[in-house]
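Fold the following and give me the result.
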Amino acid sequence: MYSPLRNSRVKLSVGQIFWRETGQGPNLVFLHGSWDDSSQWLGTIEHLSPYYQCFAPDLLGFGDSERPNVHYSIDLEVECLAQYLDTLKLRQVYLIGHSVGGWVAAGYAVKYPDRVRGLVLLAPEGVKVGHRRARWQTARWLIGQPPLAFWLLRSIYSIAKLLGYQNKIDGLLKFRQQLMQSPVAVQLLFQRRRAEITAELVDDNLALLKAPVLVLQGSEDSLAALSLCQSYAALAPNAELQFVSPGESNLPQEVPDIVAKYIREFAK
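Now for the predicted structure:
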């Protein structure tokens, strides 16, 4: 039966949270990725709402949620999620998270293991992988002030095109645009001290997870995303890794029906 989508807001101690909600049944909570907001999940939720109660909040500092002038961290996002679920009296949930949302979901599941029935993670951030330091350095270079990286990339664009490096330059420019449009994601992933980011990685805690974990990896996603997925699958004791084809870097928007199918089978 069709259930209309409802938009709601709630004031928490850290700020106001916006969320989308629809459906009926067991509780699914969707946490969006670094460069998105809760609208990322609308296509997936459409397929699941006849069977599940679906909640898709904008993380603090993202989308239509409040962006208070605070120091953002994964611990802060986890506590904000805990307050949000407490306020809605959601005691048992499945958490579905993409990218940064996957990191927040895993952090919550480690801290509140008895409240999570299962985790579905898509290219989740939050573990040590070989590409992490290079990506951190690239991001900081791209968003530096003055914007020397942008000026350099634009100045060599014509030459790079002639030499066959256009796709690489285009990729860096696209990444820079994402960074510039997502200040809180940038702070969480790249603009904090490396020691602080490292302290919040979940590698050493994934072995404590009680809930089953399904990791979904786009078959055409980047090597960095593959490394993240494989790390989670190897470190979590009850984890399963599935390759989704076709699929690149944003499975919830590229193949929402396939993602929904995996979630429904996992949450039966």
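
Could you use CA atoms for every contact and neighbour count after this?
OK.

and stretch 188-201, average pLDDT?
What stretch 188-201 shows for mean pLDDT is 93.

again with stretch 96-113
Mean pLDDT, stretch 96-113: 97.

list the buried ones in that stretch?
For stretch 96-113, burial by neighbour count (16 or more other C-alpha atoms under 10 Å) applies to 96-111, 113.

Strands - which of those residues land there?
96-98 (DSSP state E).

wait, which of those residues is closest to Q177?
Among these, H98 lies closest to Q177 (C-alpha to C-alpha), at 19.4 Å.

Hmm, the closest one is touching G126, no?
No: H98 sits out of contact with G126 when judged by C-alpha atoms under 8 Å, with a separation of 11.2 Å.

For stretch 99-108, what is the distance to the chain centroid?
6 Å (C-alpha atoms, centre = their mean, to the nearest Å).

wait, stretch 132-145
For stretch 132-145, the distance to the chain centre is 19 Å (C-alpha atoms, centre = their mean).

which residues make contact with that stretch from outside it?
With contact meaning C-alpha atoms under 8 Å, 6 or more residues apart in numbering, stretch 132-145 is reached by 148-150, 172, 176, 179-180, 189-191, 224.

try 7 Å this time
Outside stretch 132-145, the residues that touch it by C-alpha atoms under 7 Å, 6 or more residues apart in numbering are 149-150, 176, 190.

How about stretch 27-44?
52-58, 62-63, 93-101, 178, 182, 185, 252-253, 256-257, 259-260.

Take the buried residues of stretch 96-113 and keep only those in helices.
100-111 (DSSP state H).

can you tell me the distance between the two ends of stretch 36-47?
20 Å (C-alpha to C-alpha, to the nearest Å).

still on that earlier bit, let me have the ones in strands among the buried residues of stretch 96-113 in JSON lines, adding distance to E265 as columns.
Output for these, formatted as JSON lines (distance: C-alpha to C-alpha, whole Å):
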{"residue": "I96", "distance to E265": "13"}
{"residue": "G97", "distance to E265": "17"}
{"residue": "H98", "distance to E265": "18"}
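
give me the number of residues near V10?
When neighbours are defined as other C-alpha atoms under 10 Å, V10 has 13 of them.

Kindly report the same for S13.
Using other C-alpha under 10 Å, the number of residues around S13 comes to 8.

if I look at it, how far off is D221?
Here S13 is placed at a distance of 37 Å from D221 (C-alpha to C-alpha).

If you count neighbours, what's buried in stretch 7-22?
Buried residues in stretch 7-22, counted by 16+ other C-alpha under 10 Å: 14-22.

Stretch 255-268 now?
255-260, 262-263, 267.

next one: stretch 238-246
So for stretch 238-246, counting by 16+ other C-alpha under 10 Å, buried means 238-242, 244.

What of stretch 178-196?
Residues of stretch 178-196 classed as buried: 178-179, 182, 184-191 (neighbour count, 16+ other C-alpha under 10 Å).

Can I get those in JSON lines including distance to L214 and secondary structure?
Rendered in JSON lines, the data for those read as follows (distance: C-alpha to C-alpha, whole Å; DSSP: H, G, I helix; E, B strand; the rest coil):
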{"residue": "Q178", "distance to L214": "27", "secondary structure": "helix"}
{"residue": "L179", "distance to L214": "28", "secondary structure": "helix"}
{"residue": "S182", "distance to L214": "27", "secondary structure": "coil"}
{"residue": "V184", "distance to L214": "27", "secondary structure": "helix"}
{"residue": "A185", "distance to L214": "24", "secondary structure": "helix"}
{"residue": "V186", "distance to L214": "26", "secondary structure": "helix"}
{"residue": "Q187", "distance to L214": "28", "secondary structure": "helix"}
{"residue": "L188", "distance to L214": "24", "secondary structure": "helix"}
{"residue": "L189", "distance to L214": "23", "secondary structure": "helix"}
{"residue": "F190", "distance to L214": "27", "secondary structure": "coil"}
{"residue": "Q191", "distance to L214": "30", "secondary structure": "coil"}
